[in-house]
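Undergrad: pasting a predicted model and its sequence here:
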Amino acid sequence: MRYRSDGVALCLLVACILVVVWHRSVNDNWLAEYDISSFFLPWFGMVGDRLRGFDIPGWTRNYSSGTPVAGDPSSGWMYLPVMLAFSTLSIGAAFKTMILIQLLVGGFSTYALSRLLGFGVLAAMTSAVTFTFGPFLYGQTHFATVAAQVTAWIPVALLGVELSLRTTRRLLMLAAWSLSGFAISQIAAAWMGQGLVNALLLIGAWVVYRTLVSPPVSGIPMRTRVVQMLTTGPAILLIGLALGAAGILPRLAVNAQSSIAGGDYSGLWRGDYEEGRHTIPSVIGQLISDAVVNRPIGLSGVVIVLVLLAPFLAGRRLAVPFFAAVLVIACILTLEDTIVHRLFYLLPTFETIHHHSPRRILWVISLAPAMLAGAAVQSILEGRNRDFGAAIALFPLGLLLIVGEWLKGPTTVVTDWVYVAAGLTTLLAFTALISHRLPAPSLRHAVPRFALAAIVVIALLIPNGKDMIDTPELELASGLPTTLLGRDGYTQAVIDTYLSRSDPGGAGEFLQQREATQPPFRYVGYAGRGYRQLPDQSYSSRRLEPGVAAVLSNGRASRLGLEHTQGYNPTHLRYYNDYVDVMNGYIQDYHWLDAFPTALSGSQLLDMLNVRYILVSRAIPPDRDDVLAITAERVQVFGNTQVAAYENPTAFPRAWIVHDVRANNDGEGLRMLANRSADGRLTAFVDGPIPPLVPSAQPAEESVTAMESGADALTFRAKANAAGLVVFSETYEEGWRAYVDGDRVPILRTNHALRGVVVGAGTHTIEMRYEPTSLTVGLWTSGVASIVVLAVFGMAASSLIQNGWRAPVPVPDPVPASVRPAPPQKRRRRRSTA
C-alpha cells in the first residue's frame, strides 16, 4: 500500500509536469528571451550538431573570430540533458525537452529526498510541487537558464548523501556516493563558476549536518560520524570531478586565458554586474513579489505561509534547521558585508566569485523553502504542536499583509493572488490543526488530509494555473518586450528567423553563396551599436528588431554556418578582448565583442581579422555620419529592404607572410598597428623570443593558401622565398598545435591575439589542430570514471534485487570502563500470612 501511494503521487507529479511543459511548448515566446535567444539556443544547438556528427566540440569558428566550445562554461558540453536532447531533436524541441528532463529530475529527487527524511506522501508531494513549479520552473523560461540547470541536481546530490549514510554495505554506499558525484558533475557542466561554488557549499553543509549535527540513524558514535563526514564529502567531490573532468579541465584551462581569470571581474566594465547589494527590505520584497520578472526568485503565497510555520511546527525535526539556515544565510549574503560574509570569505575564491553578483545565490536555493513547506505539512499531519500552531496560524498571513503593503512599489508587486493563496493556505492549515477537536474519528482522520491536499492543489494553481490565463497581461505590465508565456505571430517569426539554417533573400543567403565560391572570410554586422550620439543598447536587448536580425547578430552565425568576429558571451579570450577594445578605441560591457563605428571606418585591426563583408542595417538613416563613414570607399554588393552588404577591399587574407618581426611589449605593437604606424602586411609583433628571419627579395611571389578549414583543424599551403613568419587571422589559444610538413612547431602569439608560425624558404604544408591537453586528459578521465560508475550502479542494483536495503543498526556509545553497572536487585519473596 505504501509503494502504491508513492506510485500514485509520482504519476500525479508527472501529469502536472507534462501539462505545464505542454503549455510552455505551445506558448513559447520565451524562446525569444534575452539569454535563451542570444546565447543558449545557438550554442546548445552547435554542441548538438557536432555530437550528431560524432565530433567532440572543442572549438568553433562561428563567433569571436574563433573561440573554445568545450572550454566555455555555459556551452552545454558535458551537460547530459543538453547533449541528449540537442543531438537528437530539432533545436526548439530540444530546449523544451531539456526543460522536461530537468523538471522530472528535480521533482522526482525532491520527492525521494522528502520521503527519505520521514515525510509522508502528502508532505513529500508538497515539497515536490512547490519546488518543481516554483522559481525552478520559471527560471528555465525566463532569465535563469544555468541556475535552473544547477538547481535540478541539488536534490539529487543531497539524496545520494542521505542514502550513503543509511547503509553500511560498501557497494551501496559507493553507489550512493556516485549518485551525488554525478549530480556534482552536472552542476559543474551547467555553471562552472558561481553556481558550482554555491551548490558545493550547500552540499557540503548537508554532509556536515547529516553526519555531525542530525544523523539519519540515532545512536551512531561521534567518532563514526566524524569518519562519515571525512569520507562522504571528499568521495562525492572526487567522483564528481572525475565524471565531469572532460568539461571541468578544459574550462579551467580556458578560464586562465580569459578576461575573467579566476572568476575575477574587477577589471572589466560592468564587472560588478549588479548596481548594488540588497537591503533587508529589498530582498524580502523580491521574495514576496508576484511580478513576472521576479518569478525565478519569488515565493508564492502558499510557500510563504508554510515556510514561516515550519520552524514552530517541526522544531528540529525533518531537517528544518538546515533548510531554514540555508534560506536565511543566502538572504544575508545578498546584503552588504556582515560577519557572515567575512566567515564565508575565509573560503578560497569565494569572495572574488561572490562579489560579481551576490544576489545570484538566491537562484540556487529554491529547494530550501520547498522542503520547509513540506516539513510544515508533515508536522500538521503528525499533530505536533497543533495547539500552538493553531494559535499562531494567522501570524504568517498578518505579517505578509503588513510587509506587502509596506514594501509595495515598482520592484515589489504583491498582487491580490498572493494574498488569496496565503489566505486560503492559512484557512486550510488552521482547519487541519484544529481537526482533532472534531467529534467523529472519521472526520478527525479525513479533514486534515483533504485540507492539506487542497494546499498542494493551490500551490500548483497559483501562480501556474493563473499564469496560463493572464500572464501575457502581467508580462506586458512588467515592461517585457514580448509576452514570454504567450504566443504571437511577430515573436514567432523572429524566433524562426534566429533558429533557421537559411536566410532566403537576406544577407545570410548572400554570404553562404560567397562562402561556397571564395576563400575563407568573416563578416561583421552593424545596427548602430557604439554610435555615441545615442544611448548604448546591445543587440541582444534589441533582438526583436528586424534590422538587428538582418545583420546576422545574436547567434545567427552558427545556425547559418558563417564566421563572425562578434559574440555575446560572458567569457572571452583575454587577448582577443584586448584586441577588440583597442580596435574600437574604447571598452564595452564585458558580455559583448561588437565592432563599433570607429572600428568599421577603416581600422587595420578589423582588416587583419579577415573581415571581407560588413552588413549595415537599413533601419539607420543612410545619411547619418556613422553610415557614411562605414560605407565610404566600399562597394555595396548586396541589399534588400532591411540590410545592405558592403565588401571591404582592404581585408587581409586568412593568412600572410611577414619578414619583419618585433616585440609586442605588452600591447605596444597592437597599438602601433591600430594607429597605422606599422603596416600589418609587412610587420608583425610577437610575445616571446623573436625568431631569426630573413628579408624576402620578392615578397609579391609569396603566398598562403587555405586548403581545409574545419572547426578544430586547419590546413594551409605556404610558399616563402625566405624564412618568414606566417601570420594567421585566427585567435590565439594555448590548446592549438601547429605542424609544418608533419613536424610540430611552436605557435607564437602574434599581433597580441593572433597566431604565427615560422617557416623556412620553400613550399610547406601547415596544419593546425585544436588538441588541448586538458580536453584529452578530461575525456579519458571522464570515460574511465563513467565505466566504473556504471559498473557500480549495475552491481548495486543486482545487490538490491537480491538482498534488499538494510539500514545500519544503531550502536550505543560505549560505557566508560570506570563506570560499573549496578548489580541486579534480588526480589524478596513475601511471606504468606495464612
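TA: The structure has been received and is ready for your questions.
Undergrad: hey, which helix or strand in this protein has the poorest pLDDT?
TA: Every helix and strand of the chain was ranked by mean pLDDT, DSSP states H and E. The lowest is helix 466-477, at a mean of 63.
Undergrad: in the next helix or strand after that helix, what's buried?
TA: With elements assigned by DSSP states H and E, the helix or strand that comes after helix 466-477 is helix 489-499. Neighbour-count burial for helix 489-499 flags 491, 494-495, 497-499 (criterion: 16 or more other C-beta atoms under 10 Å). Any C-beta I mention is one placed from the backbone N, CA and C, and that applies to glycine too.
Undergrad: for helix 489-499, C-alpha coordinates in PDB please.
TA: Presented in PDB, the C-alpha positions along helix 489-499 are these (Å, rounded to 0.1, in the frame of the first residue of the first chain):
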ATOM      1  CA  GLY A 489       2.900  35.900 -34.900                       C
ATOM      2  CA  TYR A 490       5.600  38.500 -34.800                       C
ATOM      3  CA  THR A 491       7.600  37.000 -32.000                       C
ATOM      4  CA  GLN A 492       7.300  33.500 -33.600                       C
ATOM      5  CA  ALA A 493       8.600  34.900 -36.900                       C
ATOM      6  CA  VAL A 494      11.600  36.300 -35.100                       C
ATOM      7  CA  ILE A 495      12.300  33.000 -33.300                       C
ATOM      8  CA  ASP A 496      12.000  31.200 -36.600                       C
ATOM      9  CA  THR A 497      14.500  33.600 -38.200                       C
ATOM     10  CA  TYR A 498      17.100  33.100 -35.500                       C
ATOM     11  CA  LEU A 499      16.800  29.400 -35.500                       C
END
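Undergrad: out of the buried residues of helix 489-499, who's nearest L84?
TA: Closest approach to L84 among the buried residues of helix 489-499 (C-beta to C-beta): L499, at 19.1 Å.
Undergrad: ok, that closest one - contacts?
TA: 31, 41, 45, 91-92, 559 (C-beta atoms under 8 Å, 6 or more residues apart in numbering).
Undergrad: in a markdown table, list the buried residues of helix 489-499 along with pLDDT.
TA: Output for those, formatted as a markdown table (pLDDT from 0 to 100):
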| residue | pLDDT |
| --- | --- |
| T491 | 91 |
| V494 | 94 |
| I495 | 94 |
| T497 | 96 |
| Y498 | 95 |
| L499 | 96 |
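Undergrad: which helices and strands sit right next to the longest helix along the chain?
TA: Longest helix of the chain, by residue count under DSSP state H: helix 773-803. Packing contacts for helix 773-803, counted by 3 or more C-beta pairs under 8 Å, 6 or more residues apart in numbering; DSSP states H and E, involve helix 170-190, helix 222-243, helix 245-256.
Undergrad: to T426, which of those helices lies closest?
TA: helix 170-190 (35.6 Å).
Undergrad: dump the closest one to PDB, restricted to CA.
TA: The C-alpha trace of helix 170-190 is given here as PDB (Å, rounded to 0.1, in the frame of the first residue of the first chain):
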ATOM      1  CA  ARG A 170      30.100  -0.600   0.900                       C
ATOM      2  CA  LEU A 171      28.800  -1.300  -2.500                       C
ATOM      3  CA  LEU A 172      25.600   0.500  -1.800                       C
ATOM      4  CA  MET A 173      27.500   3.300  -0.200                       C
ATOM      5  CA  LEU A 174      29.700   3.700  -3.200                       C
ATOM      6  CA  ALA A 175      26.700   3.700  -5.500                       C
ATOM      7  CA  ALA A 176      25.100   6.500  -3.400                       C
ATOM      8  CA  TRP A 177      28.300   8.500  -3.500                       C
ATOM      9  CA  SER A 178      28.400   8.000  -7.200                       C
ATOM     10  CA  LEU A 179      24.800   9.400  -7.500                       C
ATOM     11  CA  SER A 180      25.900  12.500  -5.600                       C
ATOM     12  CA  GLY A 181      29.100  12.700  -7.700                       C
ATOM     13  CA  PHE A 182      27.100  12.500 -10.900                       C
ATOM     14  CA  ALA A 183      24.900  15.400  -9.700                       C
ATOM     15  CA  ILE A 184      28.000  17.400  -9.000                       C
ATOM     16  CA  SER A 185      29.400  16.700 -12.400                       C
ATOM     17  CA  GLN A 186      26.200  18.000 -14.000                       C
ATOM     18  CA  ILE A 187      26.300  21.100 -11.800                       C
ATOM     19  CA  ALA A 188      29.900  21.800 -12.900                       C
ATOM     20  CA  ALA A 189      28.900  21.300 -16.600                       C
ATOM     21  CA  ALA A 190      26.000  23.800 -16.200                       C
END
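Undergrad: grab the most central residue of this protein for me.
TA: Against the mean C-alpha coordinate of the chain, by C-alpha atoms, centre = their mean, the closest residue is V146 at 2.1 Å.
Undergrad: returning to that earlier point: quick one: mean pLDDT for the longest helix of the chain?
TA: Taken as a whole, helix 773-803 carries a mean pLDDT of 96.
Undergrad: buried residues, it. List them.
TA: In terms of neighbour count (16+ other C-beta under 10 Å), helix 773-803 has its buried residues at 774-776, 778-779, 781-782, 785, 789, 792, 796.
Undergrad: what's the closest of those residues to V105?
TA: Nearest member of the buried residues of helix 773-803 to V105, counting by C-beta to C-beta, is V789, at 16.8 Å.
Undergrad: for that closest one, give me its contacts.
TA: 178, 181-182, 239, 243.
Undergrad: what about stretch 550-560, start to end distance?
TA: Counting by C-alpha to C-alpha, to the nearest Å, you get 12 Å between the two ends of stretch 550-560.
Undergrad: pretty sure the residue nearest to the centre of the chain is in contact with M192, am I right?
TA: No. In this structure, V146 is not within contact of M192 by C-beta atoms under 8 Å, at 9.3 Å.
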